[in-house]
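Trainee: This is a predicted model, with the sequence first.
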Amino acid sequence: MTRVVWLAALLLAWAGVVRAQPVPERVVSADGAVTEFVYALGQGERLVGVDTTSRYPEAVGRLPKVGYLRALPFEGVLALRPDLLLTTEEAAPERNLMRLENAGVRVVRLPVAWTLAQVRERIRRIGQTLAAEPEAERLIQNFDVRLQAVEADIRHRGASPRVLFLLVAGSHQLMVAGANTAADALLDILGADNAAGAMEGYKPASREALIATRPDAIVVAEASAGQFRVSDWPELALLDAWQRERVYVGDSMFLLGFGPRLPEALEAVNAVLAP
C-alpha cells in the first residue's frame, strides 16, 4: 500500500469514527464564540444551556446559564441532561469535565482559535460535531467573502499603526493587552503593532505607562456597555490618539471572541486605524 493510499484510508476511517458518534440533540455550549457559531450554523435549537460568556445572539438570553466557562459545575450541567458539552480548552475544572464524561456526556474541547486558519478549522470541527458539515462550509465561504473587503482596506492603509488595546475587567479595572493575547492576535491580523507588545498577557494599567505608550489609536474592550468611563482614566484623554478621536470602544466578546462576527470586528477596529 502506497503512502498516499494509506493516508487516504486513514482519513476515511477517521471520518467514519466521527460520523459513528450519535448526532447530539441536547447541547450545552460553554464559550461565547462557540455559542455564536452554533447559531450561525443554524443549530441553535439544539442548545439547552450556555455559560455566562454566551451573550449573543439575543436568543441565548432565554436559555439556562450553567456558570462560568472556567468554573463549570458538574451538577448544573448534568441537570440539563445534555448528550454533548461543546466547549474549548479553556474550560475548567478538569475534574468536573471528567465527571461529566463518566456520566455519559460527550465533552468536545476545541483548541483556542486566534488566527483566521484556526477559526476556519473551528467552524469545521463544530460542523462535524453537530452533523452540519454543509452549513459549516457555507459559513466559511461567507466568512472569507466578508474578509476580502477588510484585507483590501488593510492593504490600502499600508502603514502599521501603533495601537493601545485595553480591557475593562471587574469593577472598572483597566488591563493592558500585551503579547500572547486575543487582542494581540486581532492586531496582528490587522497589520497593526501592539503598543504593549513588549509585555506578556494582560496587566493592570499604570497611569504613567498609558501616557508613555503614545499610540496612534486606542481600542477598549468592555464586558458590558458603558462599563468603561474615560473620566476614570483622564490620562487617556491626554493622548493624541484620543484627542484625534482615533478610538474604538466595543463589546469584549465581539472584539476578542474570534467568532462569526470577526469580520465585523476587524472592520470596526480598522476604521480607526486609517491615517
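Mentor: Great, that's in hand. Keep in mind the model is a prediction, meaning the values are calculated, not measured.

Trainee: Hmm, Ser54 is touching Val60, no?
Mentor: Yes - using C-beta atoms under 8 Å, Ser54 is in contact with Val60, at 5.0 Å. Where C-beta positions appear, they are placed from N, C-alpha and C, glycine not excepted.

Trainee: Need the overlap of contacts for the two.
Mentor: Common contacts of Ser54 and Val60 (C-beta atoms under 8 Å, 6 or more residues apart in numbering): Thr35.

Trainee: For the two, indicate the residue with more neighbours.
Mentor: Shown here are Ser54 and Val60; by other C-beta atoms under 10 Å, Ser54 has more neighbours (27 against 21).

Trainee: pretty sure that one is in a strand, no?
Mentor: No - judged by DSSP: H, G, I helix; E, B strand; the rest coil, Ser54 forms no part of a strand; its state is coil.

Trainee: Tell me how many other residues crowd Leu236.
Mentor: Residues contacting Leu236 under the criterion other C-beta under 10 Å number 24.

Trainee: From Leu166, how far off is the residue lying closest to Tyr202 once chain neighbours are set aside?
Mentor: Spatial nearest neighbour of Tyr202, excluding adjacent residues (C-beta to C-beta, 6 or more residues apart in numbering): Met175 at 4.2 Å. Applying C-beta to C-beta, to the nearest Å, the value for Met175 to Leu166 is 7 Å.

Trainee: same question, Gly158
Mentor: Taking C-beta to C-beta, one finds Gly158 at 25 Å from Leu166.

Trainee: neighbour count winner among the two?
Mentor: Between Gly158 and Leu166, Leu166 has the larger neighbour count (other C-beta under 10 Å), namely 23 against 8.

Trainee: Report the secondary structure state of the more buried one.
Mentor: Following three-state DSSP, Leu166 is assigned to strand.

Trainee: Just list whatever residues bridge to it.
Mentor: Beta-bridge partners for Leu166, by DSSP bridges, are Val176, Val220.

Trainee: quick one: contacts for Tyr39?
Mentor: 57, 59-60.

Trainee: now the nearest residue to Glu89 once chain neighbours are set aside, which residues is it bridged with?
Mentor: Of all residues beyond its chain neighbours, the one nearest Glu89 is Arg109 (5.3 Å), with distances taken as C-beta to C-beta, 6+ apart. Per DSSP bridges, the residues bridged to Arg109 are Thr87.

Trainee: Tell me the one among the contacts of Tyr39 nearest to Gly250.
Mentor: Pro57 (16.3 Å; C-beta to C-beta).

Trainee: quick one, helices of the stretch 151-275 of the chain?
Mentor: Listed in chain order, the helices found in the stretch 151-275 of the chain under DSSP state H, counting those that start in this stretch are 182-189, 207-213, 234-238, 240-243, 252-256, 262-270.

Trainee: burial of Phe74, as a residue count?
Mentor: Neighbour count for Phe74, taken as other C-beta under 10 Å: 16.

Trainee: Revised request: answer the last question for Gly104.
Mentor: The number of residues near Gly104, taken as other C-beta under 10 Å, comes to 10.

Trainee: Next, the contact list for it, please.
Mentor: Neighbours of Gly104 in contact, by C-beta under 8 Å, 6+ apart: Asp83.

Trainee: Regarding it, what is its secondary structure?
Mentor: With three-state DSSP as the basis, Gly104 sits in coil.

Trainee: Would you mind stating the distance between it and Ala217?
Mentor: 50 Å.

Trainee: hang on, the earlier thing: quick check, the residue nearest to Tyr202 in contact with Leu210.
Mentor: No - if you go by C-beta under 8 Å, Met175 and Leu210 don't touch, sitting 11.6 Å apart.

Trainee: what about the nearest residue to Glu137 once chain neighbours are set aside, neighbour count?
Mentor: Spatial nearest neighbour of Glu137, excluding adjacent residues (C-beta to C-beta, 6+ apart): Gly127 at 7.4 Å. For Gly127, the count of nearby residues is 21 (other C-beta under 10 Å).

Trainee: The strand or helix carrying Gly127: which residues count as buried?
Mentor: Using DSSP states H and E, Gly127 maps to helix 116-129. Neighbour counts over helix 116-129 (16 or more other C-beta atoms under 10 Å) mark 116, 119-120, 122-123, 125-129 as buried.
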